[in-house]
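Enquirer: Need the 3D shape of this:
(one chain, ligands or ions: 1)
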Amino acid sequence: MLQNKRGLIVGLANNSSIAWGIAQTTRREGAELAFTYLNDALKKRVEPLAKSLDSDLILPCDVNDDQQIEALTAAIKEKWGHLDFVVHAVAFAQRQDLQGKISETSREGFRVALETSAFSLIALAHALAPLMSEGGSFLTLTYYGSEKVVPNYNIMGIAKAALECSVRYLACELGEQNIRVNAISPGAIKTLSAKGIADFNSMLAATREKAPLHRNVSPDDVGELAAFLLSDRASAITGDVVYLDGGYNLLGF
Ligand code: NAD
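Expert: Residues are numbered from 1 along each chain as shown. Below is the predicted model of the structure:
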C-alpha cells in the first residue's frame, strides 16, 4: 500500500509506543521511514528500532523547539527532496495537571499540554507540508476523552479536543495541495505515556468488559488502520477522526 512513499514518524519512544506499531506496518507496506527522538535518553531506544526497519534518517526533534523542527525539515529536504506522510504520535502534560483537578490547572500547565499535544501538529504541518509537493498525508493520534469526560484523562482531554479541531481546519486548508489530515482515536493501550494517567488499568479493563468487541486494541491494530489512511487507497478521506476502540465510544457514558 505504501510502496515508493517516504514517511516521517514523530513520537517513537520504545517498542510499546503506538508509533512503533505504525512504523512496523507502514514499513511492511513498503514505505521508507525517517524517525525523530525527543532527547538523548530516548535516542538510545529509538535508534536500534529505526535501524531494524532499515532507516538511516534518525533526527532529534522536540516539537516545542522551532529550530529543531527547521533542522529536521532541512535534513529531510536534503536527503529525500520530498515527503509523502507524517505520523504525529506526540502528547505530554505535567503529571500534576494530568492527575490534579481541572479547576486547579495552572496557566503554565495548560500551555505545556496544549502546545506539546496540539500546537505541535500545526507546527509540523507548517514546516513539512511544503515538502509534500506531490500531495501527502498527516496522521495524528487522539482519544475519546476529547469528546466525553473520561475519569482521570483531565487536561489531556482538552488538548485532544484542540488537536481534533486542528485536524479539521488543517484538512480544509491543505486539501488545496492534495494533502490529507486525519486522526485515529484508539482505545486505551499500555504505553509509556499511559503510565501518567491515574488508574489506567481500569480504563483497559472497562474496555474489555463493556466494548462491543470485548477487547483492547494494540499498536499493531493502530498500524493496520494507519497504513490504510496514509495510503492512496484512502485518497478521499480527510479531516476525519476514526475510532479504533472495539466500539467502546458507541456506549456514550
Ligand atoms: P508513548 O509514550 O510511546 O509516545 C508518546 C511520545 O510523545 C513519546 O515518544 C515522547 O517522546 C513524545 N513526546 C512527548 N513530548 C514531546 C516533545 N516535546 N517533542 C517531541 N516528542 C515528544 O505513548 P503512546 O501512547 O504511544 O502515545 C502516542 C500518541 O497516542 C499520543 O498522542 C497519545 O495521546 C495517543 N494515544 C494514546 C493512547 C493510549 O492509550 N496509549 C490512546 C489514544 C491516543
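
Enquirer: got a list of what residue 55 touches?
Expert: By Cβ atoms under 8 Å, 6 or more residues apart in numbering, the residues touching residue 55 are 32, 33, 34, 35. No exception for glycine: its C-beta is placed from N, CA and C like everyone else's.

Enquirer: Kindly reformat those as CSV containing secondary structure, pLDDT and neighbour count.
Expert: CSV is the format used below for the contacts of residue 55 (DSSP: H, G, I helix; E, B strand; the rest coil; pLDDT from 0 to 100; neighbours: other Cβ atoms under 10 Å):
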residue, secondary structure, pLDDT, neighbour count
32, strand, 98, 19
33, strand, 98, 25
34, strand, 98, 22
35, strand, 98, 26
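
Enquirer: Tell me the one of those nearest residue 228?
Expert: Distance to residue 228 across the contacts of residue 55 (Cβ to Cβ) is lowest for residue 33, with 16.7 Å.

Enquirer: so what's that closest one closest to, chain neighbours aside?
Expert: Spatial nearest neighbour of residue 33, excluding adjacent residues (Cβ to Cβ, 6 or more residues apart in numbering): residue 55 at 4.8 Å.

Enquirer: correct me, but residue 210 touches residue 248?
Expert: Yes. Assessed by Cβ atoms under 8 Å, residue 210 is found in contact with residue 248 at 6.8 Å.

Enquirer: Please identify which of these two sits among more neighbours.
Expert: Ranked by neighbour count (other Cβ atoms under 10 Å), residue 210 and residue 248 place residue 248 first, with 27 against 13.

Enquirer: number of nearby residues for the spatially closest residue to the more buried one that is not a sequence neighbour?
Expert: Distances taken as Cβ to Cβ, 6+ apart place residue 211 nearest to residue 248, at 4.0 Å, with adjacent residues excluded. Using other Cβ under 10 Å, residue 211 has 19 neighbouring residues.

Enquirer: got it, and residue 70?
Expert: Neighbours of residue 70 (other Cβ under 10 Å): 11.

Enquirer: Please list all residues in contact with it.
Expert: With Cβ under 8 Å, 6+ apart, residue 70 has these contacts: residue 127.

Enquirer: Look up the pLDDT of it for me, please.
Expert: pLDDT for residue 70: 98.

Enquirer: Residue 253 now?
Expert: 64.

Enquirer: quick one: low-confidence parts of the stretch 151-253 of the chain?
Expert: 253 (pLDDT under 70).
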